[in-house]
Structure formats: C-alpha cells, structure tokens
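Trainee: Need coordinates for the following:
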Amino acid sequence: MTARRIFCLTLLALAPITVARAQENIPNTSGDRSDSPIPQLLPGSARPAGVPVAAPAKGPDALVPLIVPKGMSLQVALEKEVRIKRVGQSVYAQVVEPVYAFDHLVVPVGSKVLGEVTRIEPVSKGQRTLAGLDGDLTPARKIEVRFTDLELPGGQHLPLHTSVLPGSGQVLKFSTAPETKKTVKDFASEKTKQAKQQAKDQWDAAMQQLKTAGRMHRFERYAEAQLPVHGQYVPAGTMYFAQLEDPLDFGSEPLTPERAASLGGPVPEGSVVHARLLTALSSATAQKGQDVEAVLSRPLFEGDRLILPQGSKLVGTVGQVQPARRLKKNGQLRIAFHQVVLPDGVEQKVQAALVGVQAGKDANVKLDSEGGAEATTSKSRYGDLALSLGLAAIAAQDGDGDGGGPTVAAGNSRGFKAVGIITTVAARSRAFGYGVSAYGASRSIYRNLVARGHEVVFPQNTAMEIGIGTRAATNPAPEPVAKSAPSAGSGQ
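Mentor: A predicted model of the protein is given here:
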C-alpha cells in the first residue's frame with residue numbers, strides 16, 4: 001500500500017507541469033497571426049466564389065512562379081518577305097502579341113524570333129497538271145517552319161522548342177465591332193470603346209514594325225506570278241502560332257496580401273479582356289449550344305488592382321450558327337461567354353461578347369454590334385465577273401474567225417492560260433474560240449454568283465477582344481393604353 005500511495009502522490013505532483021507544457025504547444029489562435037500561411041492560387045482551391053482571400057497582417061509574401069506553360073503559343077509574324085529556296089534556310093519573325101505569366105509581362109511585343117524552314121512539300125502530279133494548264137510551271141508548294149530561338153529586348157536569348165499550329169501561315173487583320181447606337185451615353189460603353197481603340201492602336205503599332213510591302217512591290221510580285229516560271233514568296237506580316245513544347249521559366253514574383261485579396265472580385269462592367277480561343281470553331285461544323293472556351297492572354301487590371309490574372313478562362317457557348325450556302329450566302333457565327341474561371345477554380349458569372357477578333361485577311365470577317373461574326377465577299381468579284389463577260393462579248397463580235405486574242409483573254413480570266421494559248425496557235429475554228437470564251441465566262445459566273453459562300457473560321461489560338469457587360473439591355477415594350485369605353489350619352 002505504501003508503494004502505491006507514493007506512486008499516486010508522484011503523479012499528482014507532476015500533473016500541473018505536464019498541463020503547463022501541453023498548453024505551451026497549443027498554437028495561438030488570437031492576437032498575432034504572423035505564422036499563418038499566405039494563401040496561394042493553386043488549381044483545385046476550395047475558396048468559394050465571391051469571398052476574398054483572407055490576407056495575413058504580417059509574414060513573407062507568397063511566390064508566384066512566372067512560367068509560360070507548355071502548350072502556350074507565341075504569335076509571331078515574319079519581319080520581311082522570304083523567298084523559299086531550300087530546307088534549313090533561316091526565317092526571322094517578331095512577337096506581335098505580348099506574353100504574360102500571371103500578372104507579369106515576360107515577352108513584350110517586338111521580341112525577335114529565329115526560325116527555319118523544315119520541310120517543302122512536293123507538288124502532286126494532279127496539281128502540277130492543273131497548274132501547267134493554267135500556264136504555271138512552278139506551282140506554290142506548302143512549307144513548314146519551326147522557331148528555335150527567342151531574343152528579348154534586353155538581348156537575352158532563350159532556346160525554343162515549338163511546333164506551328166494549323167491555321168498559321170496567313171496574313172491577319174484586326175476587326176472590331178461597330179458601336180451600339182444609344183440615345184444616352186453610358187460609362188460602360190465609353191470604357192469599352194476606349195479599350196477597343198487601344199487594342200487596335202496596339203495592333204497597328206505591332207504591324208508598323210514589320211517591313212510590309214507597298215503597292216508597287218505587291219504589283220511587281222503579282223506581275224511575276226503571271227509568268228510561267230517564278231519564285232515562291234512568303235510575304236512580310238505572315239502570322240504563325242508557335243506552340244511551346246517546353247515551358248519558359250522566368251523565375252517568380254511575390255504575391256502580396258493586398259494583390260491576393262483583390263483576386264476574384266467582380267469584373268468591372270465595360271472591361272475588355274484579351275483572350276486566345278481554345279476551341280477551334282467554324283460555321284461549317286459548329287453546333288448551336290456547343291461549349292466554347294478561351295483563356296486570358298493578358299491580366300485584367302482596374303487601376304493598380306489585379307482582377308483577373310493571365311490564365312483565367314472564359315466559358316461560353318455558340319449562340320447562333322449558319323453555314324455558308326449556295327448563291328454566295330456566307331457563314332455566320334455568334335458566341336457568348338457567361339462564366340469566368342480563375343486559375344484556382346473560383347467561378348464568376350459574367351455577360352460577355354466579342355468586340356474584336358483577328359482573322360485571315362482574305363476571310364473578310366466582320367463583327368456586328370452584338371459580337372456576331374459574318375464572312376463577307378470581296379467586292380472585287382464584280383470586277384472579275386464584268387471582265388469575263390466583257391471579254392466573252394468581244395470574242396462573240398470578232399469577225400475574223402481565228403478566235404485568237406479574245407479567246408486568250410477570256411481563257412486568262414481565271415481559266416486555263418495554256419488552253420487559251422494552244423487554242424490560239426492550233427485552232428482556227430471560230431466556234432471553238434466561242435466555246436473557250438463561253439467556258440471562261442461561265443466559270444466566272446459560277447464562282448462569283450452561284451458557288452457556296454465563305455465560312456467563318458476561327459482556328460485554335462485566335463486572338464480575341466471580349467467585352468464584359470457590353471450588351472445593351474433591351475427596353476421593355478410599352479404596355480398598350482387601354483381605351484375607355486364610350487359613355488352612354490356620347491351617341492357612339
């Protein structure tokens with residue numbers, strides 16, 4: 001018993017010390033919170049929408065990696081005209097769209113890019129035969145390029161491993177939606193108008209750095225292309241989407257508590273965000289209600305506040321689609337975005353539509369005031385049609401019977417040049433001359449008036465300007481005024 005009592009007394013004596021030490025190990029949940037971790041924007045975060053990040057009062061800033069991820073594309077344009085000669089020849093281009101990582105500019109416009117021709121595809125026998133009949137003994141060949149070196153304005157060189165995406169290799173232009181007519185000037189619309197003008201000015205400034213050809217040079221190239229043997233040129237300003245196969249690492253930057261707290265706030269109405277299309281679209285294949293995604297290529301700031309970092313996604317749907325049809329009916333495509341998703345998964349409802357888009361220069365895409373896109377047909381088709389019909393009429397009035405000059409001219413109007421030349425030399429039949437002239441005119445009529453129109457095509461990585469909250473609310477129709485019943489003494 002004595003031993004048991006001594007053991008119990010010892011436990012009672014040590015109990016206060018044990019409790020005191022246990023209390024020392026309990027973290028302090030009030031007062032100073034300097035040991036609390038700063039929240040970081042990681043995919044899968046469970047932060048609810050609309051709730052700002054609880055930033056700590058003290059402590060070191062979190063670090064945000066400034067990495068341009070694999071799969072991101074650099075939009076580059078050829079600095080000057082290139083004559084295609086051989087595989088391995090160098091091509092020089094410039095970055096025409098800035099590249100951001102989170103909220104930091106890492107690749108500015110004007111950065112130099114070095115590439116090379118990796119493949120010159122041979123021309124098939126069928127294509128060569130058709131080109132030969134058209135008087136072209138050196139038809140254009142499809143080429144492939146890749147870009148291997150990036151030079152930043154400060155002189156730093158970064159190795160690139162890229163692959164050129166489909167839809168590259170054409171000259172682009174920047175189209176904006178017209179302004180909505182309003183009787184009352186509102187702040188959001190004016191803000192959107194200024195943002196669209198700023199985007200257009202930035203595009204024009206980037207294009208002015210390229211050595212694009214003037215009218216006389218273009219005329220010389222056109223005249224050379226009419227010769228049976230001519231060189232193949234890729235004009236300055238031709239765009240390529242160089243998709244990164246390896247990420248680019250630019251270090252990291254601190255994410256201050258104040259900046260972290262501003263993320264996920266409401267997007268100011270009238271804002272315009274720069275985005276790249278992730279879902280390739282065409283009016284020929286798109287379906288109404290189809291999901292569409294775009295990713296922000298630049299962060300959105302409101303003053304000094306970061307609202308949306310680069311990498312945020314816009315989610316929407318195809319609202320209207322009309323494929324191209326016969327009789328030169330062009331395709332139409334309308335998309336609308338209704339949700340923005342931050343890199344940490346937080347979602348926010350928005351109402352957004354296209355206010356600007358880059359599209360192929362030959363596609364003649366235009367936007368309406370609500371962001372709908374429609375392909376248009378060049379007015380030059382009427383001149384081509386008039387020329388073909390005029391030449392056919394001249395051939396019909398030719399009384400010499402040789403069918404020479406007019407036949408050649410009519411054949412040259414988008415017809416087969418070689419056929420016209422052979423006809424001039426070998427055929428002395430007036431009826432045959434009429435036939436060739438009529439054939440050239442009918443081809444022109446079909447192509448310019450009867451054939452299927454152009455489709456609206458937006459390849460993956462198409463650069464877009466998307467306006468937030470830019471749609472004007474439709475005013476409800478006024479209720480009809482009820483007519484009062486005629487009184488009994490009115491005599492009606």
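Trainee: how about low-confidence regions in the stretch 1-150 of the chain?
Mentor: When residues are selected by pLDDT under 70, those of the stretch 1-150 of the chain lie in 1-61.
Trainee: give me that answer again for 80
Mentor: Low-confidence segments of the stretch 1-150 of the chain, defined by pLDDT under 80: 1-62, 132-135.
Trainee: Got the phi and psi for Thr256?
Mentor: Main-chain dihedrals, Thr256, degrees, to the nearest 10: phi -70, psi 160.
Trainee: Check the burial of it by counting its neighbours.
Mentor: Counted with other CB atoms under 10 Å, residues neighbouring Thr256 total 14. Any C-beta I mention is one placed from the backbone N, CA and C, and that applies to glycine too.
Trainee: Could you report the pLDDT at it?
Mentor: pLDDT for Thr256: 76.
Trainee: mind listing what's buried in the top strand by length along the chain?
Mentor: Ranked by residue count under DSSP state E, the longest strand found in the chain is strand 347-360. Within strand 347-360, the residues that count as buried by 16 or more other CB atoms under 10 Å are Gln348, Val350, Ala352, Ala353, Leu354, Val355, Gly356, Val357, Gln358, Ala359, Gly360.
Trainee: residues contacting the last one?
Mentor: To tie it back to what came earlier, the one meant is Gly360. Gly360 sits next to Gln170, Val171, Leu172, Lys173, Val457 when contact means CB atoms under 8 Å, 6 or more residues apart in numbering.
Trainee: Out of those, flag the one nearest to Met216.
Mentor: Val171 (18.1 Å; CB to CB).
Trainee: got a list of what the closest one touches?
Mentor: Applying CB under 8 Å, 6+ apart to Val171 gives the contacts Pro235, Gly237, Thr238, Met239, Gly360, Lys361, Asp362.
Trainee: Now the buried members of the residues you listed.
Mentor: Pro235, Gly237, Thr238, Met239, Gly360.
Trainee: Would you agree the first one is in contact with Lys80?
Mentor: Pointing back at Pro235 there. No. When contacts are counted by CB atoms under 8 Å, Pro235 is not listed as touching Lys80 (9.1 Å).
Trainee: Rebuild the buried residues of strand 347-360 as JSON lines, extending it with pLDDT and distance to Gly135.
Mentor: As requested, the buried residues of strand 347-360 are exported to JSON lines (pLDDT from 0 to 100; distance: CB to CB, whole Å):
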{"residue": "Gln348", "pLDDT": "87", "distance to Gly135": "59"}
{"residue": "Val350", "pLDDT": "89", "distance to Gly135": "55"}
{"residue": "Ala352", "pLDDT": "89", "distance to Gly135": "50"}
{"residue": "Ala353", "pLDDT": "87", "distance to Gly135": "47"}
{"residue": "Leu354", "pLDDT": "88", "distance to Gly135": "42"}
{"residue": "Val355", "pLDDT": "88", "distance to Gly135": "45"}
{"residue": "Gly356", "pLDDT": "88", "distance to Gly135": "41"}
{"residue": "Val357", "pLDDT": "88", "distance to Gly135": "37"}
{"residue": "Gln358", "pLDDT": "83", "distance to Gly135": "35"}
{"residue": "Ala359", "pLDDT": "79", "distance to Gly135": "32"}
{"residue": "Gly360", "pLDDT": "75", "distance to Gly135": "27"}
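Trainee: Is Ala236 in a helix, a strand, or coil?
Mentor: coil (DSSP: H, G, I helix; E, B strand; the rest coil).
Trainee: Burial check on it, number of neighbours?
Mentor: Ala236: 20 neighbours (other CB under 10 Å).
Trainee: my guess is it contacts Gln208, does it?
Mentor: No. Assessed by CB under 8 Å, Ala236 is found out of contact with Gln208, at 11.7 Å.
Trainee: Mind picking the lowest-pLDDT entry from the buried ones among the contacts of Val171?
Mentor: Among the buried ones among the contacts of Val171, Gly360 carries the weakest pLDDT, at 75.
Trainee: Parallel or antiparallel, which strands does the helix or strand just after the longest strand of the chain pair with?
Mentor: Later in the chain than strand 347-360, the nearest helix or strand by DSSP states H and E is strand 365-367. Using DSSP bridges, strand 365-367 pairs in its sheet with strand 373-375 (antiparallel).
Trainee: Leaving out the residues flanking it, which one is nearest to Phe337?
Mentor: Nearest non-adjacent residue to Phe337, counting by CB to CB, 6 or more residues apart in numbering: Gly316, 3.5 Å away.
Trainee: so which strand or helix has that neighbour?
Mentor: Counting by DSSP H and E, Gly316 is part of strand 313-322.
Trainee: Pull the residues that contact that strand.
Mentor: Against strand 313-322 from outside (CB under 8 Å, 6+ apart): 273, 275, 278, 281, 283, 286-296, 331-341, 350, 352, 372, 466.
Trainee: cool, stretch 143-156 as well?
Mentor: Residues from elsewhere that reach stretch 143-156 (CB under 8 Å, 6+ apart): 74, 76, 84, 91, 93, 95, 107-108, 110-121, 157-164, 169, 234, 240, 242, 248.
Trainee: how does this structure divide up, domain by domain?
Mentor: With domains defined by automatic domain parsing, the chain comprises 66-377+453-468, 380-450.
Trainee: Strands of the stretch 201-350 of the chain, start to end?
Mentor: In the stretch 201-350 of the chain, the strands defined using DSSP state E, counting those that start in this stretch lie at 233-234, 238-244, 248-255, 272-277, 281-282, 291-296, 300-302, 305-308, 313-322, 332-341, 347-360.
Trainee: closest to Ser189 out of these?
Mentor: Here strand 347-360 is closest among the strands of the stretch 201-350 of the chain (CB to CB), at 10.7 Å.
Trainee: Neighbouring strands - and their directions - for that closest one?
Mentor: strand 170-176 (antiparallel), strand 332-341 (antiparallel), strand 463-468 (antiparallel).
Trainee: and the contacts of stretch 143-156, which are buried?
Mentor: Listed as buried from these are 74, 76, 84, 91, 93, 95, 107, 111-113, 115, 117, 120, 160, 162, 164, 169, 234, 240, 242, 248; burial here means 16+ other CB under 10 Å.
Trainee: can you count the residues close to Val340?
Mentor: By other CB under 10 Å, neighbour count at Val340 equals 26.
Trainee: Show the pLDDT at it.
Mentor: 91.
Trainee: Then Val481?
Mentor: We have a pLDDT of 45 for Val481.
Trainee: ok, and Lys200, which helix or strand is that part of?
Mentor: Counting by DSSP H and E, Lys200 is part of helix 187-208.
Trainee: report the angle between the axes of that helix and strand 272-277?
Mentor: Angle of helix 187-208 versus strand 272-277, following axes from the mean of the first three to the mean of the last three CA atoms, to 10 degrees, is 60 degrees.
Trainee: about what we covered before: ok, of the domains of the chain, where does mean pLDDT dip lowest?
Mentor: When the domains of the chain are compared on average pLDDT, domain 380-450 comes out lowest at a mean of 59.
Trainee: quick one on the thing from earlier: state the paired neighbours of the strand holding Gly316 in the sheet, together with their directions.
Mentor: Strand 313-322 has the following strand partners under DSSP bridges: strand 291-296 (antiparallel), strand 332-341 (antiparallel).
Trainee: which stretch among the ones you listed comes nearest Glu190?
Mentor: strand 332-341 (21.5 Å).
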